[in-house]
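[1] All I have is the shape, not the residue letters:
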């Protein structure tokens with residue numbers, strides 16, 4: 001794909017992100033994307049065959065960006081506590097993000113998906129759990145953390161984060177509420 005094609009594809013994705021964040025998943029049509037991008041239907045279908053393809057591409061980009069942020073900011077001098085704090089800060093940003101938030105679209109898409117074992121949410125949850133579990137194990141090995149069950153603690157942390165994501169989209173959540181929960185997570189692990 002040439003540079004101009006890559007730019008057009010990215011423009012379509014950025015526009016689709018706005019539409020998905022406003023309308024969710026089930027209410028978005030390819031016609032909505034065509035109209036918002038001011039391109040022909042054929043022009044859109046050159047890049048994406050469905051709203052599902054668009055959403056999945058957006059989620060892959062989001063995942064790659066989070067991975068890149070963590071990788072870029074982690075150095076060999078960083079402790080497990082530093083890295084876990086960075087991970088939690090990234091999660092906090094996602095929880096509190098109001099504009100261009102894909103959470104509702106992801107939830108709607110996941111409800112429509114039949115294979116729950118391989119759902120987007122399951123993959124995100126499992127990947128997050130694996131990261132947190134490894135950080136806890138590293139912290140235990142370095143003497144920073146105490147935890148009898150790293151896997152269980154990692155799953156618990158991910159359930160708390162997912163719950164806050166849902167609350168941010170439904171009943172609302174403040175920054176201080178998020179901070180309180182993240183502090184509670186860290187206090188449960190750190191050896192004083």
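    Structure received. This one's a predicted model, so the numbers in the text were calculated from it and none came from an experiment. Numbers count the residues shown, from 1 in each chain.
[2] And the helices in this protein?
    In the chain, the helices defined using DSSP state H lie at 3-23, 30-37, 41-45, 51-73, 80-96, 103-112, 120-142, 150-169, 175-187.
[3] In the third one, which of the residues would be classed as buried?
    Same thing as helix 41-45. Of all the residues in helix 41-45, those buried under the rule 16 or more other CB atoms under 10 Å are residue 44. C-beta: built from backbone N, CA, C; applies to glycine.
[4] cool, the fifth one as well?
    Buried positions in helix 80-96, judged by neighbour count with 16+ other CB under 10 Å: 80-88, 91-92, 94-96.
[5] got it, and the second one?
    Residues of helix 30-37 classed as buried under the neighbour-count rule (16+ other CB under 10 Å) are 30, 32, 33, 34, 37.
[6] Look up how far residue 62 lies from the first one.
    To tie it back to what came earlier, the one meant is residue 30. Residue 30 sits 21 Å away from residue 62, taking CB to CB, to the nearest Å as the criterion.
[7] same question, the second one
    The gap separating residue 32 from residue 62 is 20 Å, by CB to CB.
[8] Near the residue lying closest to residue 88 once chain neighbours are set aside, how many other residues are there?
    Excluding its sequence neighbours, the residue lying closest to residue 88 (CB to CB, 6 or more residues apart in numbering) is residue 182, at 4.9 Å. Look at residue 182: counted by other CB atoms under 10 Å, it has 21 neighbours.
[9] Retrieve the pLDDT associated with residue 182.
    The score at residue 182 is 95. That number is its pLDDT.
[10] where does it sit relative to residue 93, distance-wise?
    Taking CB to CB, one finds residue 182 at 12 Å from residue 93.
[11] circling back: just the closest of the buried residues of helix 80-96 to residue 44, please.
    Residue 44 lies nearest to residue 94 out of those, by CB to CB, at 27.7 Å.
[12] I'd assumed residue 165 was in contact with that closest one.
    Yes - the criterion here is CB atoms under 8 Å, and residue 94 meets it with residue 165 at 6.8 Å.
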